[in-house]
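Asker: kindly generate the corresponding structure for this input.
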Amino acid sequence: MSGLVDGIGALDVPGDGGESTDGLEARLPAAPRPRVRRVVGLVDTDSFAKWGAHLLATAPADWELELRTVATPRSASPGQLRSAFRGLDSRLAHLRTDPPAPNDVDTIVEELRRDPPDAVLVSVIGPVAELVLDEVHRRVPNRPVLVSGLPGISFPAKWKGIFFRARADLFVLHSHREVRAYEELAREGGVEPHFALATLPFARSVSGHAGGHAHDTGSTRDVRDTGGTGAVRDSVVFAAQPSVPFERADRALVVEWLVATARAHPEWRVVIKTRAASGEHQTHREEHPYPDLVPADAPANLVVESGPMAEHLDRAVALVTISSTAVLEAAARGIPALTLTDFGIGRHLINEVFVSSGLEGDAVDLLDGRFGTVRQSWMRDNYFHPPSDDDWQRRLAELMLRRDDGTLVDRAPARRSRGGVLRRAWERKNALGGADRSPLGLAALVVGAPIRSVKRLVRRVRALVDPPELAVVAAPTSQRAAPSFGAVPVGAVPVGAVPVGAVPVGAVPVGAVPVASEGLRDREQQLVTGGDPG
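Answerer: Presented below is the predicted three-dimensional model:
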């Protein structure tokens, strides 16, 4: 054996005193080094920046990651980006202190052309996503694999999301239920399904935090963080949404409930957690900001704050919302939560997905300090599936291999008739707004803006003559209506230690609420620009 080892050493190291081989040394072939993959993320608004960066951070450790901000009318501010980039891994951690300045689409696409990565994550609003995907297909030879997706809760399925991202090679969603709904809607619209599953990056490590009974918070001051940080948990956090509910009267009513809760519970800080400071943009337009609705005589323990949701949850005894994705972040930490159903349950409120979750409640529950925890029977189909179910990384790796081999196939756009150059310029101007300074874009605006105004006016008139009925799928419900498994004061059971199985598995069968999607009705109306960014 030692002779064999010595012989191998002689082959590896010529000139070690052995017999001359006249320059024809025999060498053992070295194992090829695995190729390092490089993935670039493109982000724009606050929610897409948070989602895109945190999804990238879950990529395999040997992938090189970069991130760019796209200049659009709704690009996140530096402060919003710093909040969005909290908690990233070492490859992207520098973004928290040095977020990338927005750059125009043409400059970014040219960078991709000169130095194409293996893949690009297009984490931007719908019209911008369609533009970027089209530009990369047209202008980048040997284009990278294109990945896109939607941040947060994306149920029911929305045709607009599919329409704008049809040319992406992979479309990332976050629950089995979402994947089924989007596959069904894509086939209905003639788009080949291309959906992959990824655990929502800011709702990970939750499987041990399932429960199903109401929490009566009782006395909550000075409840300590079980994670060992020593942080005082003294806050009930309301996760505000810019457009849910939409009407000013409804949003003012929510503020009244929060004011009443703060007065009834002086031991709590009741926090209205906003996603943008005055003057900052958001993914969805906010017509009636909550800070403007807080009365002058509100109690001192009702506060309005922004900043990273994770930092607010560090102090939270409970979270309340209509349907913000933040409720999943709270559930991931085992923090009791409440999704208010006082306005009903329907697509316009984005809260259908929470039916049978154990989190539904109303303003009376909030005032009483009664919150819920996620039912185990709801979890696997809705965002809290086992990590082994995720397939987005495997499928992305397979697509990158196809690119290496030259067998990556371009996907067709969902927009069947794009028109000519002027139509393309209009779509670009509509997506980029003031960030598009091209003469052709200005010409398209001159022609297209009056047409758009007429269409909007016609829609308003139709709505007045025949008001659309909001699809309410269920009536308001409460924690009081849920099966009783005994109230558990938050101080009695540490946050994050809610026992699994408080609701028996199978008590609410998975799939009892049918797969929902918006369908393809009124497709033209849904694709009119200036509304939901998709």
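Asker: tell me the secondary structure for the closest residue to residue 91 other than its chain neighbours?
Answerer: Of all residues not flanking residue 91 in the chain, residue 65 sits nearest, at 4.6 Å (CB to CB, 6 or more residues apart in numbering). Bear in mind the C-beta positions are built from the backbone N, C-alpha and C, glycine included. Classification of residue 65 by DSSP: H, G, I helix; E, B strand; the rest coil places it in strand.
Asker: for the protein, what are the low-confidence residue spans?
Answerer: Within the chain, the ranges that satisfy pLDDT under 70 run 1-34, 205-231, 276-286, 417-419, 422, 426, 440-448, 468-473, 482-534.
Asker: ok so, going back, what bridges to the residue nearest to residue 91?
Answerer: Beta-bridge pairing of residue 65 under DSSP bridges involves residue 39.
Asker: ramachandran angles for the residue nearest to residue 309 when sequence neighbours are not counted?
Answerer: Leaving aside its sequence neighbours, residue 309 sits nearest to residue 326 (CB to CB, 6+ apart; 5.2 Å). The phi/psi pair for residue 326 (degrees, to the nearest 10) reads phi -60, psi -30.
Asker: residue 242 versus residue 326, what's the distance?
Answerer: 13 Å (CB to CB, to the nearest Å).
Asker: next: residue 293.
Answerer: As judged by CB to CB, residue 293 and residue 242 stand 13 Å apart.
Asker: any idea how far residue 296 is from the residue nearest to the spatial centre of the chain?
Answerer: When CA atoms, centre = their mean is applied to the chain, the residue found nearest the centroid is residue 151 (1.7 Å). Computed with CB to CB, the distance linking residue 151 and residue 296 is 35 Å.
Asker: spit out the contact partners of the residue nearest to residue 91.
Answerer: Shown in contact with residue 65 (CB atoms under 8 Å, 6 or more residues apart in numbering): 38, 39, 40, 41, 56, 57, 59, 91, 92.
Asker: return a PyMOL selection command for the buried portion of these.
Answerer: Burial among the contacts of residue 65 is assessed by 16 or more other CB atoms under 10 Å; the matching PyMOL selection reads:
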select buried, resi 38+39+40+41+56+57+59+91+92
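Asker: closest one to residue 332 out of the contacts of residue 65, please.
Answerer: residue 57 (15.5 Å; CB to CB).
Asker: my read is that the closest one contacts residue 92, right?
Answerer: Yes - contact criterion CB atoms under 8 Å: residue 57 and residue 92 qualify, at 5.6 Å.
Asker: name the residues that touch the helix or strand harbouring residue 79?
Answerer: Taking DSSP states H and E as the criterion, residue 79 maps to helix 78-84. If you take CB under 8 Å, 6+ apart as the criterion, helix 78-84 is touched by 46, 49-50, 53, 69, 76, 95-97, 99-100, 275-277, 280, 306-308.
Asker: with stretch 397-411 instead?
Answerer: Contacts for stretch 397-411 (CB under 8 Å, 6+ apart): 37, 118-119, 137, 142-145, 166-170, 192, 194.
Asker: check the gap between the residue nearest to residue 91 and residue 94 for me.
Answerer: For residue 65, the distance to residue 94 - CB to CB - is 11 Å.
Asker: same deal with residue 200?
Answerer: Look at residue 200 and residue 94: by CB to CB, they are 24 Å apart.
Asker: these two: who's more crowded?
Answerer: residue 200 (22 against 12; other CB atoms under 10 Å).
Asker: how about the more buried one, what does it touch?
Answerer: Applying CB under 8 Å, 6+ apart, the residues near residue 200 are 152, 174, 325, 328, 383.
Asker: so how far is residue 153 from it?
Answerer: Residue 200 sits 9 Å away from residue 153, going by CB to CB.
Asker: just the strands in the stretch 151-300 of the chain please.
Answerer: 170-173, 195-197, 215-216, 223-224, 232-233, 235-239, 269-273 (DSSP state E, counting those that start in this stretch).
Asker: show me what the second one packs onto, helices and strands only.
Answerer: Here strand 195-197 touches strand 170-173, helix 176-188, helix 392-405, going by 3 or more CB pairs under 8 Å, 6 or more residues apart in numbering; DSSP states H and E.
Asker: do the same with the last one
Answerer: In terms of contacts (3+ CB pairs under 8 Å, 6+ apart), strand 269-273 is packed against strand 235-239, helix 248-264, strand 302-305, helix 309-314.
Asker: compute the inter-axis angle for that strand and helix 248-264.
Answerer: 160 degrees (axes from the mean of the first three to the mean of the last three CA atoms, to 10 degrees).
Asker: can you state the direction angle for strand 269-273 and strand 235-239?
Answerer: 20 degrees.
Asker: given strand 269-273, what are its sheet partners and their directions?
Answerer: strand 235-239 (parallel), strand 302-305 (parallel).
Asker: of these, which is nearest residue 184?
Answerer: Between the strands paired with strand 269-273, strand 235-239 lies closest to residue 184; by CB to CB that is 29.3 Å.
Asker: chain center to that closest one, what's the gap?
Answerer: Strand 235-239 sits 20 Å away from the centroid of its parent chain (CA atoms, centre = their mean, to the nearest Å).
Asker: can I get that strand as PDB, trimmed to CA atoms?
Answerer: Coordinates of each C-alpha in strand 235-239 appear next as PDB, following Å, rounded to 0.1, in the frame of the first residue of the first chain:
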ATOM      1  CA  SER A 235     -47.100  45.900  22.200                       C
ATOM      2  CA  VAL A 236     -50.200  45.000  20.200                       C
ATOM      3  CA  VAL A 237     -49.200  45.700  16.600                       C
ATOM      4  CA  PHE A 238     -51.700  46.600  13.900                       C
ATOM      5  CA  ALA A 239     -50.200  45.800  10.500                       C
END
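Asker: that concludes my questions; thank you for your assistance.
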